[in-house]
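Q: For reference, the sequence and a predicted model appear below.
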Amino acid sequence: MSRVKTRFAPSPTGYLHIGGFRTALYNYLFAKQNGGSFVLRIEDTDQTREVKGAVEALISTLQKIGLNWDEGPFADKTFKMTEKGQNGPYFQSKRAKIYREYAQKLVSSNKAYFCTCSAERLEQLRKEQEAKKLPPKYDGLCRENTQKPIGKFVIRLKVPTSGEVVFNDSIRGEIKISVNEIDDQVLIKSDGFPTYHLANVVDDHLMGITHVIRGEEWLPSTPKHILLYQGFGWNLPVFAHLPLLLNKDRSKLSKRQGDVATEDYLNKGYLPEAIINYVALLGWHPKDDRELFGLKQLVKEFDLKRVQKAGAIFDVEKLNWFNCEYLKKKSNKELAILAKRFLPRADEATLQKIVKVEKERINYLEEICERSQYFFNLPNYKQELLVFKKSDKETTLKSLKLILENLNKLREGKWKVKHLHKILEQMVKGNNLANGDVFWPARVAVSGLAKSPSPEEIMEVLGKTESLKRIQKAISVI
């Protein structure tokens, strides 16, 4: 077999669905594992469904996440589009002439035909078939038309009248489909543009694609594609149809039950390496029980034979676990740089301190913004919040005054977690107090919240002046 070549061929109809990203990832992994190349092609023949800016968003998302392709369209920082590779154009809308030429070859070899049936006739045919509980299918009225007609027409595939289409799917094994179940599919529409089926097959052949790895929703189309390959006399690529991605209730993954766009997760501050790692395991499992894989490790370990047939559950809680694991591996400086877009008002030193406090408590970086507002603006809180459930107002007031007095003696240079904790701990032991009498009001005083990190962690970020100012305020509140 020739050098392995795979492709990802999305339609620019909106965001990059997580399922689409998984398809791109598996194609990338398989190509790189086999020393082959990976192609990006834009399937934009249906101009009515194209969303403005979708191509740029798609390319930007793939670039941010770190999947690099060898051929296809590329965008610079200003989103000026260029193409790399010997098989362009890589936009199907620019290849219409090529598709018409190949469709004419099929007509000339009696593998396709011109159809002049009106939309009204086709609609009437569909209604009659529905009434008889028959599957909707063209009745072949124009099957012998080989002369190009005047006026509007489409070109249809001439499906054999008997036999089976048999092929081997790398994931699902041998598949047989009776030709009686296959419609005489439209190949060229009346506007001169191809349908997905013709464009897909022609491009895959001309671009040298050896392995077609795509979602299982394309499985019913595969027999049509095989008939096209056979009609042209071309060798078939290897087919592999990936399982669906499902919600927890096993319904098809959709936006109704949460985010499904890869961009949404990147925009929230999920790390690209965490998304890659988690998505790679949605339908594929390695030889052992390992879960954490970098992209290079995935290239080495990935195996199409270990992709399951059954649908894979997309569980955002599991994605959160992966992201937390990767967040922990980052230095505070690295995370501060990544978190800057969520907290633009914080300087680098402050942001590093905040990240240090919050990094093991967040699922994704956007939560740093949500969780750290009290560092910048102390929330209003009621007097009752300062009093620990097993303490009382008088003890709380006494503790707060002791906290203010003792912390005031600590030099700025020693205003660190370990020294702050030691002072609070000594206050508990030296004044016959419980931990809740001291640590609870101290934490509420500096955070204004019922739930927050420890008081010493917060105070290190705030610094001495702001910490003492907040404790003084708590004394006035109580």
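A: Yep, that arrived.
Q: Where does pLDDT dip in the stretch 301-450 of the chain?
A: Residues of the stretch 301-450 of the chain meeting the criterion pLDDT under 70: none.
Q: That one: strands as residue ranges?
A: According to DSSP state E, counting those that start in this stretch, the stretch 301-450 of the chain carries its strands in the segments 312-313.
Q: Now do the SS call for residue 139.
A: When classified by DSSP: H, G, I helix; E, B strand; the rest coil, residue 139 comes out as coil.
Q: wait, doesn't residue 250 sit right on residue 311?
A: Yes - the pair residue 250 and residue 311 passes the contact test of Cβ atoms under 8 Å, sitting 6.9 Å apart. Where C-beta positions appear, they are placed from N, C-alpha and C, glycine not excepted.
Q: Just want to know which of these two has more residues nearby.
A: A count of neighbours by other Cβ atoms under 10 Å puts residue 311 above the other of residue 250 and residue 311, at 19 against 10.
Q: Roughly how far does that one sit from residue 216?
A: Applying Cβ to Cβ, to the nearest Å, the value for residue 311 to residue 216 is 9 Å.
Q: Please identify every residue contacting each of these two.
A: Contact criterion Cβ atoms under 8 Å, 6 or more residues apart in numbering; residues shared by residue 311 and residue 216: 243, 244.
Q: Buried residues, stretch 469-478. List them.
A: Buried residues in stretch 469-478, counted by 16 or more other Cβ atoms under 10 Å: 470, 471, 473, 474, 475, 477, 478.
Q: Over to stretch 13-28?
A: 15-28.
Q: and if you look at stretch 301-309?
A: Buried, per 16+ other Cβ under 10 Å, within stretch 301-309: 301, 302, 304, 307.
Q: I'd like the distance from it to the chain centre, please.
A: 20 Å (Cα atoms, centre = their mean, to the nearest Å).
Q: May I have the distance across that stretch, first residue to last?
A: Start to finish, the residues bounding stretch 301-309 are 19 Å apart (Cα to Cα, to the nearest Å).
Q: outside of that stretch, which residues touch it?
A: Residues outside stretch 301-309 that contact it (Cβ under 8 Å, 6+ apart): 26, 29-30, 33, 170-172, 213, 240, 242-243, 280, 283-287, 293.
Q: Okay, and which of the buried residues of stretch 301-309 map to helices?
A: Using DSSP state H, the members of those that fall in helices are residue 301.
Q: need the helices for the stretch 251-400 of the chain, in chain order.
A: Counting by DSSP state H, counting those that start in this stretch, the stretch 251-400 of the chain has helices at residues 262-267, 272-280, 295-301, 316-329, 332-339, 348-358, 366-371, 373-376, 383-386, 393-408.
Q: for residue 379, phi and psi?
A: Main-chain torsions, residue 379, degrees, to the nearest 10: phi -70, psi 150.
Q: Can you list the residue ranges for strands in the stretch 101-250 of the chain?
A: 112-115, 154-157, 164-169, 173-178, 186-188, 211-215, 238-242, 245-246.
Q: is it possible to export those to CSV including mean neighbour count, distance to residue 266 and mean pLDDT?
A: Below are these laid out as CSV (neighbours: other Cβ atoms under 10 Å; distance: least, Cβ to Cβ, whole Å; pLDDT from 0 to 100):
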stretch, mean neighbour count, distance to residue 266, mean pLDDT
strand 112-115, 23, 43, 98
strand 154-157, 24, 40, 98
strand 164-169, 15, 32, 96
strand 173-178, 12, 36, 96
strand 186-188, 24, 38, 97
strand 211-215, 22, 21, 97
strand 238-242, 22, 22, 98
strand 245-246, 21, 18, 94
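Q: want to try CSV for those strands, with distance to residue 37 as columns?
A: Formatted as CSV, the strands of the stretch 101-250 of the chain follow (distance: least, Cβ to Cβ, whole Å):
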stretch, distance to residue 37
strand 112-115, 31
strand 154-157, 30
strand 164-169, 23
strand 173-178, 27
strand 186-188, 28
strand 211-215, 11
strand 238-242, 15
strand 245-246, 26
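Q: Most tightly packed of the helices of the stretch 251-400 of the chain?
A: Neighbour counts (mean count of other Cβ atoms under 10 Å) averaged over each of these peak at helix 272-280, with a mean of 22.
Q: which residues sit against that helix?
A: Applying Cβ under 8 Å, 6+ apart, the contact partners of helix 272-280 are 18, 21-22, 25-26, 29, 64-66, 262, 265-266, 291-295, 298, 302, 318-319, 322-323, 325-327.
Q: That helix versus helix 316-329: what angle between them?
A: 140 degrees (axes from the mean of the first three to the mean of the last three Cα atoms, to 10 degrees).
Q: rewinding a little: CSV for the buried residues of stretch 13-28, including pLDDT?
A: CSV is the format used below for the buried residues of stretch 13-28 (pLDDT from 0 to 100):
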residue, pLDDT
15, 90
16, 94
17, 94
18, 96
19, 95
20, 96
21, 97
22, 98
23, 98
24, 98
25, 98
26, 98
27, 98
28, 98
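Q: from those residues, which single one is nearest residue 98?
A: Nearest to residue 98 out of the buried residues of stretch 13-28 is residue 27 (Cβ to Cβ; 22.8 Å).
Q: tell me which element the closest one falls in.
A: Assessed by DSSP states H and E, residue 27 sits inside helix 18-33.
Q: Check the offset of the next helix or strand after that helix from the chain's centre.
A: Next along the chain after helix 18-33, taking DSSP H and E as the criterion, comes strand 37-40. Centroid separation for strand 37-40 versus its chain: 19 Å, with Cα atoms, centre = their mean.
Q: what's in contact with strand 37-40?
A: Under Cβ under 8 Å, 6+ apart, the answer for strand 37-40 is 3-9, 27-28, 31-32, 59, 62, 67-73, 85, 87, 90, 207, 209.
Q: Next, count neighbours for residue 139.
A: By the criterion of other Cβ under 10 Å, residue 139 has 13 neighbours.
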